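>>> sequence and computational prediction follow.
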Amino acid sequence: MTDQIAEESLAVPVAELRPSLEAVLMVADQPLDVATLATAVGYPADEVAAALTALAAEYAEQGRGFDLRNVAGGWRFYTRDEFAHVVEGFVLEGQQARLTQAALETLAVVAYRQPVSRARVSAIRGVNVDGVMRTLLTRGLVEEAGSDPETGAHLYRTTGYFLERIGVTSIDELPELAPYLPEMDDLEDELASLDSPEKPRE
């Protein structure tokens with residue numbers, strides 16, 4: 001009886017841990033190690049490692065369309081090989097579809113502020129751009145361009161395919177739109193002022 005109560009008491013944190021890991025991994029754009037995931041979800045590293053292993057086994061047993069793999073020390077979702085043809089067909093079909101307004105706006109920010117991180121694109125647009133950036137990456141319009149030396153965040157730039165699609169040979173040929181976008185220094189000052197506590201009035 002005591003063992004049963006103990007098992008029930010452990011079921012709640014484990015149930016919360018696994019969905020938390022799934023949520024973080026779903027939006028990650030690179031493999032994440034156990035320490036990073038443990039910090040993100042607020043659980044001890046050994047519990048996180050065990051939960052990741054259990055999730056990977058669970059997905060494999062259920063025959064999901066994706067796997068959770070530990071590659072080069074980092075965990076990430078991957079499409080299962082046997083469904084590659086389905087994904088390929090979807091991606092190729094998507095290449096013919098027109099970009100949404102959100103995608104066009106995000107692409108414009110990258111084009112005029114490259115190389116730029118997702119966080120800065122989100123700050124300029126005022127919305128989360130993770131999903132849109134994945135679409136632009138998938139369609140070959142943007143690509144990774146190293147990382148920010150200060151924050152370590154991935155930087156992105158437009159591709160040669162993007163230039164080809166809009167009919168120019170260099171980003172220098174883009175129309176003069178940059179002056180209408182906020183300068184990064186001004187944007188960071190504004191964000192910092194929003195985060196700082198308001199001074200009491202005299």
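Okay, I see it. Everything numeric in this text was worked out from a predicted model, so none of it was measured.
>>> neighbours of residue 40, how many?
The tally of other residues near residue 40 (other Cβ atoms under 10 Å) stands at 16. Every C-beta, even on glycine, is put in place using the N, C-alpha and C of the backbone.
>>> mind checking how far the helix or strand containing it is from the chain centre?
With secondary structure defined by DSSP states H and E, residue 40 is part of helix 34-41. Taking Cα atoms, centre = their mean, to the nearest Å, the mean C-alpha location of helix 34-41 is offset from the chain mean by 16 Å.
>>> and that helix, what other elements does it pack with?
helix 2-27, helix 45-62 (3 or more Cβ pairs under 8 Å, 6 or more residues apart in numbering; DSSP states H and E).
>>> which of those helices comes out lowest on mean pLDDT?
Across these, the stretch with the lowest average pLDDT is helix 2-27; it has a mean of 64.
>>> verify the stated contact: residue 37 with residue 48.
Yes - Residue 37 is in contact with residue 48 according to Cβ atoms under 8 Å; the separation is 5.3 Å.
>>> pLDDT at the closest residue to residue 127 other than its chain neighbours, what is it?
Spatially, and ignoring its direct neighbours in sequence, residue 127 is nearest to residue 102 (7.7 Å; Cβ to Cβ, 6 or more residues apart in numbering). At residue 102 the predicted local confidence, pLDDT, stands at 87.
>>> one step back: the helix holding residue 40: which residues count as buried?
Using 16 or more other Cβ atoms under 10 Å as the test for burial, helix 34-41 gives 34, 36-38, 40-41.
>>> now do the phi/psi pair for residue 71.
The main-chain torsion angles of residue 71 are listed as degrees, to the nearest 10 and equal phi -120, psi 120.
>>> any idea how many residues pack against it?
Using other Cβ under 10 Å, residue 71 has 9 neighbouring residues.
>>> what residues are shared contacts of residue 37 and residue 48?
Contact criterion Cβ atoms under 8 Å, 6 or more residues apart in numbering; residues shared by residue 37 and residue 48: residue 21.
>>> and the helix or strand hosting residue 119, what other elements does it pack with?
Element membership of residue 119 [criterion: DSSP H and E] is helix 118-125. The elements that helix 118-125 packs onto, with contact taken as 3+ Cβ pairs under 8 Å, 6+ apart, are helix 101-113, helix 130-138, strand 154-158, helix 184-195.
>>> on that earlier part again, relative to residue 126, how far out is the residue nearest to residue 127?
11 Å (Cβ to Cβ, to the nearest Å).
>>> neighbour count winner among these two?
Counting neighbours by other Cβ under 10 Å for residue 102 and for residue 126 shows that residue 102 has the greater number, 14 against 7.
>>> so the more buried one sits right up against residue 132, yeah?
Yes - between residue 102 and residue 132 there is a contact under Cβ under 8 Å: 5.3 Å.
>>> how near is residue 111 to residue 141?
Between residue 111 and residue 141 the distance, using Cβ to Cβ, works out to 9 Å.
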